[in-house]
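Chemist: Here is a sequence together with a model predicted from it:
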Amino acid sequence: MVPDYKKTVAMGYSQEWEQCYAGNTQMSIWPWSELVSLVHRHCKPLIARGGSVLELGCGAGANIPLFLELGLDYYAIEGSPLIVESLHRRYPDLKKNIRVGDFTLAQSFDGDFDVVIDRAALTHNDTASIKQALKNTHKSLKPAGLFIGVDWFSKNHTDSFEGQTGSDEFTKINHRKGQFIGVGQVHFSDEVHLRELFSDFEILFMEEKLVRRYEPQEDHQFASWNIVARKSHG
């Protein structure tokens, strides 16, 4: 079944990201290598037979070429009208498939997807919004459908100790130094919290990536989670 568009309004979208895109920052355009690896590792049957993929927060469209090359039906929900307009110009055939919306509020498409992907989009929300987005995702996946998440920031990230505490203990705002200046909310998870967030899914794969920077000598550590979870049958 091909999902049909159902209009939603991006009321919860962080305007900091619209400002970033307007300033031509956060404009990644190449598929993320870890996402490529996880898709090829966990989605071989889907690649062989074809199917549908929904991306939450596609940004400047870095991952679109990957799924077009694999011959999969690609859909996306993105909060930035500026970016969506740009993607419509670049991919006119996907104009109905890439929509402005807020994936933390509601699903923008009717129908079921084989895979839902996210590269560091959900992790720029607070805990309540992430839980709602995962609830929406669970409903929109086909039976045994997969969620693939890349770069969900870890509490072991140096910048998890910066900024101010937001609406809950895992969410930080107002970063004045580090990589999260000007991007609004940033969510940092530990293993226990991540497992709780995905309690309605069967976790197939979960890893924490830790990268320590030695030059320049800033004592900085990047840390994030990659996760693959399957829709439970319950």
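Modeler: Structure's in. What do you need?

Chemist: Buried residues in the longest helix seen in the chain, which are they?
Modeler: For the chain, the longest helix by residue count, based on DSSP state H, is helix 127-140. Across helix 127-140, burial judged by 16 or more other CB atoms under 10 Å covers Thr127, Ser129, Ile130, Lys131, Gln132, Ala133, Leu134, Asn136, Thr137, His138, Ser140. Any C-beta I mention is one placed from the backbone N, CA and C, and that applies to glycine too.

Chemist: Need those in CSV (columns: pLDDT and distance to Lys231).
Modeler: As requested, the buried residues of helix 127-140 are arranged in CSV below (pLDDT from 0 to 100; distance: CB to CB, whole Å):
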residue, pLDDT, distance to Lys231
Thr127, 97, 21
Ser129, 95, 20
Ile130, 96, 17
Lys131, 97, 16
Gln132, 95, 16
Ala133, 95, 14
Leu134, 97, 11
Asn136, 94, 12
Thr137, 95, 9
His138, 95, 6
Ser140, 94, 9
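
Chemist: Mind picking the two most distant members of these?
Modeler: Greatest spatial distance in those: Thr127 and Ser140, 20.4 Å, computed using CB to CB.

Chemist: what stretches of this protein score poorly on pLDDT?
Modeler: 1-29, 234 (pLDDT under 70).

Chemist: Strands of that one, start to end?
Modeler: Applying DSSP state E to the chain gives strands spanning 4-5, 52-56, 73-78, 98-100, 109-110, 113-119, 141-153, 164-165, 171-173, 186-187, 201-213, 220-231.

Chemist: Export these as a markdown table, with columns for mean neighbour count and distance to Trp32.
Modeler: Formatted as a markdown table, the strands of the chain follow (neighbours: other CB atoms under 10 Å; distance: least, CB to CB, whole Å):
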| stretch | mean neighbour count | distance to Trp32 |
| --- | --- | --- |
| strand 4-5 | 12 | 26 |
| strand 52-56 | 25 | 11 |
| strand 73-78 | 24 | 15 |
| strand 98-100 | 21 | 18 |
| strand 109-110 | 17 | 23 |
| strand 113-119 | 24 | 5 |
| strand 141-153 | 21 | 6 |
| strand 164-165 | 10 | 29 |
| strand 171-173 | 21 | 23 |
| strand 186-187 | 24 | 18 |
| strand 201-213 | 14 | 12 |
| strand 220-231 | 20 | 10 |
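
Chemist: how about the residue most central in space within the chain, what does it touch?
Modeler: By CA atoms, centre = their mean, the chain has its centre lying nearest to Asp118, at 2.5 Å. Neighbouring residues of Asp118 by CB atoms under 8 Å, 6 or more residues apart in numbering: Glu55, Leu56, Gly57, Phe147, Ile148, Gly149, Val150.

Chemist: Among the residues you listed, which one sits closest to Glu34?
Modeler: The closest of the contacts of Asp118, once distances to Glu34 are taken by CB to CB, is Val150, at 5.1 Å.

Chemist: pretty sure that closest one contacts Pro31?
Modeler: No: in this structure, Val150 is not within contact of Pro31 by CB atoms under 8 Å, at 10.6 Å.

Chemist: ok, back up a step: include distance to Ser154 when you put the buried residues of helix 127-140 into JSON lines, please.
Modeler: Formatted as JSON lines, the buried residues of helix 127-140 follow (distance: CB to CB, whole Å):
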{"residue": "Thr127", "distance to Ser154": "15"}
{"residue": "Ser129", "distance to Ser154": "19"}
{"residue": "Ile130", "distance to Ser154": "14"}
{"residue": "Lys131", "distance to Ser154": "18"}
{"residue": "Gln132", "distance to Ser154": "22"}
{"residue": "Ala133", "distance to Ser154": "19"}
{"residue": "Leu134", "distance to Ser154": "18"}
{"residue": "Asn136", "distance to Ser154": "24"}
{"residue": "Thr137", "distance to Ser154": "21"}
{"residue": "His138", "distance to Ser154": "23"}
{"residue": "Ser140", "distance to Ser154": "26"}
